[in-house]
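J.: sequence unavailable; structure follows:
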Ligand code: GTP
């Protein structure tokens with residue numbers, strides 16, 4: 001395949017507008033997967049993705065399509081040329097836009113999918129600009145035209161007024177009924193330029209993604225920008241200087257299919273004997289060791305919005321968690337990991353995530369894919385603290401703070417969203433920056449709010465007050481000064497570092513009260529009295545007690561029935577699994593989770 005017969009494209013959209021369904025249909029249409037293969041959403045491979053119905057990881061698949069050179073789909077097989085098309089599916093949720101920009105780096109064009117009834121939404125705007133800034137050819141696809149409430153003309157007008165996309169350029173499709181799908185691939189071939197690389201230049205490959213396979217070791221997804229890669233070639237990493245021999249090379253069609261070679265412009269996989277996942281740096285440039293090359297631009301590093309501690313739950317050990325985190329971060333390079341220790345929870349990790357959903361998904365994947373049992377601590381956004389001597393420190397863990405720092409700067413997030421939610425934003429200390437109309441029914445607003453106010457349950461509240469009609473997206477803004485305090489939680493007089501939070505001074509009293517009330521609900525009575533306190537420095541601002549009682553599950557068994565007794569003991573053991581003993585108090589995992597909802 002010479003580069004002019006290759007097209008690399010991506011599908012971008014707001015969440016739920018039908019990207020994954022459309023990707024499936026295109027794979028079926030080209031015979032890459034069988035029609036009705038019994039597995040909805042082929043590219044959503046992870047268990048979390050199937051369960052939650054969202055795409056978390058960008059996946060790549062290669063397909064072949066016959067078309068004549070000017071992009072019209074023809075039946076005359078003799079005149080038809082065969083094109084190699086690489087489709088990169090991307091996640092739609094705001095937390096995963098890092099994956100989107102990564103995928104776009106390997107593409108020359110994108111299908112911008114918009115729901116024909118819902119129209120342009122916040123992530124349509126964000127994703128459009130990601131693609132636009134990367135100079136990609138953009139093909140607007142108005143999907144779900146089979147819906148009774150579909151209004152493609154209105155969506156065409158929105159696309160024109162927001163992005164200057166011509167109504168005549170819009171494709172109309174239903175990924176559900178198949179209507180209009182036959183125009184999609186010919187438009188890709190016609191309107192998206194071939195990859196620009198040079199086959200005669202020394203090899204340059206962009207490392208797009210990597211994961212660990214039990215049998216093959218580290219598998220890297222790569223885009224060959226210049227030159228040609230063959231099995232057996234000796235390559236080096238521009239970032240680390242390490243050298244490797246390519247043991248296997250091929251395409252994802254859609255399973256790993258060895259081809260022995262990857263040509264200029266192709267996207268595929270390599271296995272090169274990288275031993276540790278740390279060696280496979282996403283965004284790195286790989287080249288033949290006999291040439292030195294100018295490294296490719298790579299990706300913007302991920303910006304972490306939320307930090308949380310991850311600790312082994314009782315009964316599972318640190319080494320197992322360490323191993324699981326190492327393997328998983330290979331597949332999700334956007335998580336930052338540093339070791340930390342907590343006096344309450346022992347040895348563990350401080351991890352940085354792109355958002356709360358991302359944090360949840362990472363947690364779930366650790367459990368589902370690696371069998372790790374994890375306790376995660378109350379998440380926090382990053383802060384910069386300025387001490388009275390003028391020195392500054394970035395803080396990702398509230399426990400690391402002295403009790404009362406003098407002045408503080410707080411990270412703010414820029415927020416774009418649509419809908420009548422001004423009250424919500426002012427309650428969360430927001431400042432309006434922009435207010436405009438997309439058409440007679442839809443408004444577009446931009447706010448600046450403290451990041452903490454967004455990561456804590458903002459999305460759910462926004463959805464509920466607008467009956468799901470508003471969507472939002474955010475990008476980070478600069479740090480701003482704010483009056484913050486560290487709020488400690490004490491159990492039986494002992495501060496629990498893993499439960500410390502940072503809050504605005506004016507909210508401290510209320511948050512402290514809610515925290516102790518929540519904790520009281522979640523801590524079972526134990527054999528002794530437990531006092532729960534919230535404090536700022538030495539000053540206790542709220543207090544609750546859980547009175548002593550032995551929780552005797554056998555009390556109702558009247559001694560007789562042994563199997564019933566055994567069953568109940570099993571059940572009790574089960575219930576204890578996710579407990580973490582802090583001092584002498586057993587805390588269930590839910591308590592940590594509930595704490596984060598207090599804002
Ligand atoms: P994420 O992967 O979470 O980003 O979502 P997505 O954009 O990939 O959306 P997905 O393909 O999962 O589709 C969302 C829902 O819309 C699913 O329930 C699909 O069955 C449905 N859907 C997709 N295309 C169409 C269509 O053309 N018509 C109708 N009526 N429903 C569709």
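T.: That came through, no problem. Nothing here was measured: the structure is a model prediction, and the numbers come from that model. Numbers count the residues shown, from 1 in each chain.
J.: the closest residue to residue 505 other than its chain neighbours: how many residues sit nearby?
T.: Spatial nearest neighbour of residue 505, excluding adjacent residues (CB to CB, 6 or more residues apart in numbering): residue 483 at 4.6 Å. For the C-beta atoms, the positions are set from N, CA and C on the backbone; glycine is no exception. Residues contacting residue 483 under the criterion other CB atoms under 10 Å number 11.
J.: residue 483 and residue 507 touch, don't they?
T.: No - using CB atoms under 8 Å, residue 483 is not in contact with residue 507; the gap is 10.4 Å.
J.: for the residue nearest to residue 505, give me the pLDDT.
T.: The per-residue pLDDT reported for residue 483 equals 78.
J.: try residue 138
T.: 96.
J.: quick one: it from the ligand, how far?
T.: 17 Å (CB to the nearest ligand atom, to the nearest Å).
J.: sheet-wise, list the partners of the one helix or strand that residue maps to with their directions.
T.: Residue 138 is part of strand 137-143 when elements are defined by DSSP states H and E. Paired with strand 137-143 in the same sheet, following DSSP bridges, are strand 109-115 (parallel), strand 171-172 (parallel).
J.: need the residues that contact the first one.
T.: In this structure, residues lying in contact with strand 109-115 by CB atoms under 8 Å, 6 or more residues apart in numbering are 7-14, 16-19, 22, 104, 120-121, 124, 127-128, 131, 136-144, 155, 159, 165, 184, 188, 191-193.
J.: helices and strands around the following helix or strand past it, which ones?
T.: Using DSSP H and E, the next helix or strand after strand 109-115 towards the C-terminus is helix 122-133. Packing partners of helix 122-133 (3 or more CB pairs under 8 Å, 6 or more residues apart in numbering; DSSP states H and E): strand 6-13, helix 97-104, strand 109-115, strand 137-143, helix 152-163, strand 407-417, strand 472-482.
J.: could you rerun that using 10 Å?
T.: Secondary-structure packing of helix 122-133 (3 or more CB pairs under 10 Å, 6 or more residues apart in numbering; DSSP states H and E): strand 6-13, helix 97-104, strand 109-115, strand 137-143, helix 152-163, strand 407-417, strand 443-450, strand 472-482.
J.: indicate which one of these is closest to residue 205.
T.: Ranking these by proximity to residue 205 (CB to CB) places strand 6-13 first, at 13.4 Å.
J.: just give me how far that closest one sits from the chain centre.
T.: 19 Å (CA atoms, centre = their mean, to the nearest Å).
J.: how about stretch 137-153?
T.: Counting by CA atoms, centre = their mean, stretch 137-153 comes out at 26 Å from the chain centroid.
J.: show me which positions of it end up buried.
T.: 137, 138, 139, 140, 141, 142, 143, 144, 145, 150, 151, 152 (16 or more other CB atoms under 10 Å).
J.: residue 295 contacts residue 241, doesn't it?
T.: No - using CB atoms under 10 Å, residue 295 is not in contact with residue 241; the gap is 11.7 Å.
J.: okay, the two: which has more neighbours?
T.: Neighbours were counted for residue 295 and for residue 241 using other CB under 10 Å; residue 295 has more, 16 against 8.
J.: now name the helix or strand holding that one.
T.: Applying DSSP H and E, one finds residue 295 in no helix or strand.
J.: next, residue 195: phi, psi?
T.: Note on residue 195: its backbone torsions stand at phi -60, psi 140 [degrees, to the nearest 10].
J.: count of residues packed around it?
T.: 23.
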